[in-house]
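A.B. asks: task: produce atomic coordinates for the following.
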Amino acid sequence: MSTSPTIGFIGAGNMASAIIGGMLDSGFRAGGIWVSAPDDAHLQTIRNKFGVSVTTDNRYCAQQADVLILAVKPQIMADVCSDIAPVVQNTRPLMVSIAAGLTADTLDNWLGGGLPLVRVMPNTPSLVGMGAAGLFANNEVSDDQKQTVESIFNSIGKALWLDDENQLHAVTALSGSGPAYFFLMLEALEAAATVAGIPAETARGLAIQTMAGAAEMAARSEHDPAQLKRNVMSPGGTTEQAINTFEDGGLRPLVEKAYKAAMSRSRDMARELADSKQ
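C.D. replies: Numbering: from 1, shown residues only. Have a look, this model is predicted:
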């Protein structure tokens, strides 16, 4: 693959747009990006916003690409892959899927087999450049190709590799669903503060800034979360009382139960999706 690969996107939704924006901010060339989607009006908006090339022809987009990112819904992926299979079997691009639940083997089979393929589990904070993505590569992917994919997804946050594809279910339960867990805590804190007399807008602003600050401290610190928590607590103080209440109320086992439920549902959805295409 060339040092400046052409990147193709099949699908032009919010996640594809976020990735394109992050890539351009990180130094990727707009002239080296192609996007295909069925809605020409939407494609023209994408072209005007980013300066990339667009087409309604998935096969033509695939033919241009050294790296082809599949950014369509899992439910239509089989049809998309079947349509472009003759092209990618000829051009042999690196295939990248951001669709949940579809295994690398399933995707490779739909694409005709033998292709280098990376599965990516991104999350919604990617839309604001603060994403967390788990990556898994099949055995056909080279080290250079891994670096290319990593640079693409580091442009919208942080990308980390996994050795076992099954771990993507755990990633789904952690970073995929995780933003909603923190939104729940924000919601609960805002409600509690409002009951205590703080105006809702002020409560929300303080809660958001507190969460953002805590996340930044955790990212910068050499200490683990347990130590950071202890650093905030004073014996007999307010934080200790709150933390003890959380612990006595079973927060830890509840989080573990919720995490396992999300992971189990991810596995179930993957099986359901695979069964529906047989």
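
A.B. asks: let me know how buried residue 164 is, in neighbour terms.
C.D. replies: Using other C-beta atoms under 10 Å, residue 164 has 8 other residues around it. C-beta: built from backbone N, CA, C; applies to glycine.

A.B. asks: mind listing what it touches?
C.D. replies: residue 136 (C-beta atoms under 8 Å, 6 or more residues apart in numbering).

A.B. asks: next, it: secondary structure please.
C.D. replies: coil (DSSP: H, G, I helix; E, B strand; the rest coil).

A.B. asks: show me how far stretch 17-27 is from its chain's centre.
C.D. replies: Chain-centre distance of stretch 17-27: 14 Å, with C-alpha atoms, centre = their mean, to the nearest Å.

A.B. asks: meant to ask about stretch 232-245
C.D. replies: A distance of 35 Å separates the centroid of the chain from that of stretch 232-245, by C-alpha atoms, centre = their mean.

A.B. asks: stretch 25-43 too?
C.D. replies: With C-alpha atoms, centre = their mean, you get 19 Å for stretch 25-43.

A.B. asks: over to stretch 75-84?
C.D. replies: Its chain's C-alpha centre and that of stretch 75-84 lie 21 Å apart, by C-alpha atoms, centre = their mean.

A.B. asks: in CSV, could you pull the C-alpha coordinates for whichever strand or helix holds residue 186?
C.D. replies: Per DSSP states H and E, residue 186 falls inside helix 178-195. C-alpha atoms of helix 178-195 as CSV (Å, rounded to 0.1, in the frame of the first residue of the first chain):
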residue,chain,number,x,y,z
GLY,A,178,-20.2,3.2,28.3
PRO,A,179,-21.2,6.7,27.4
ALA,A,180,-24.8,6.0,28.5
TYR,A,181,-23.5,4.8,31.9
PHE,A,182,-21.9,8.2,32.5
PHE,A,183,-24.9,10.0,31.1
LEU,A,184,-27.0,8.1,33.7
MET,A,185,-24.7,9.3,36.5
LEU,A,186,-25.0,12.9,35.2
GLU,A,187,-28.7,12.6,35.1
ALA,A,188,-28.8,11.3,38.7
LEU,A,189,-26.4,13.9,40.0
GLU,A,190,-28.3,16.7,38.4
ALA,A,191,-31.6,15.4,39.8
ALA,A,192,-30.2,15.1,43.3
ALA,A,193,-28.7,18.5,43.2
THR,A,194,-31.9,20.0,41.9
VAL,A,195,-33.8,18.5,44.8
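
A.B. asks: and whichever helix or strand comes after it, what's buried?
C.D. replies: Downstream of helix 178-195, the next assigned helix or strand under DSSP H and E is helix 200-220. Residues of helix 200-220 classed as buried by neighbour count (16 or more other C-beta atoms under 10 Å): 203, 204, 207.

A.B. asks: and what of stretch 55-71?
C.D. replies: 55, 58, 61-71.

A.B. asks: any idea of the mean pLDDT in the longest helix belonging to the chain?
C.D. replies: As assigned by DSSP state H, the longest helix anywhere in the chain is helix 251-276. What helix 251-276 shows for mean pLDDT is 91.

A.B. asks: ditto for stretch 102-119
C.D. replies: pLDDT averaged over stretch 102-119 gives 95.

A.B. asks: name the residues that touch that stretch?
C.D. replies: With C-beta under 8 Å, 6+ apart, stretch 102-119 has contacts from 70, 74, 77-78, 81-82, 84-86, 88-89, 92-97, 135-138, 140-142, 145-146, 149, 165, 168, 270, 273-274, 277.

A.B. asks: same question for stretch 202-218.
C.D. replies: In contact with stretch 202-218 (C-beta under 8 Å, 6+ apart) are residues 182, 185, 186, 189, 190, 193, 194, 198, 225, 228.

A.B. asks: picking that back up, and the angle from the longest helix of the chain to helix 178-195?
C.D. replies: 140 degrees (axes from the mean of the first three to the mean of the last three C-alpha atoms, to 10 degrees).

A.B. asks: helix, strand, or coil at residue 119?
C.D. replies: Per three-state DSSP, residue 119 ends up strand.

A.B. asks: and the spatially most central residue of the chain, how close does it get to residue 98?
C.D. replies: For the chain, the residue nearest the mean C-alpha position is residue 122 (0.7 Å; C-alpha atoms, centre = their mean). Distance of residue 122 to residue 98, given as C-beta to C-beta, to the nearest Å: 6 Å.
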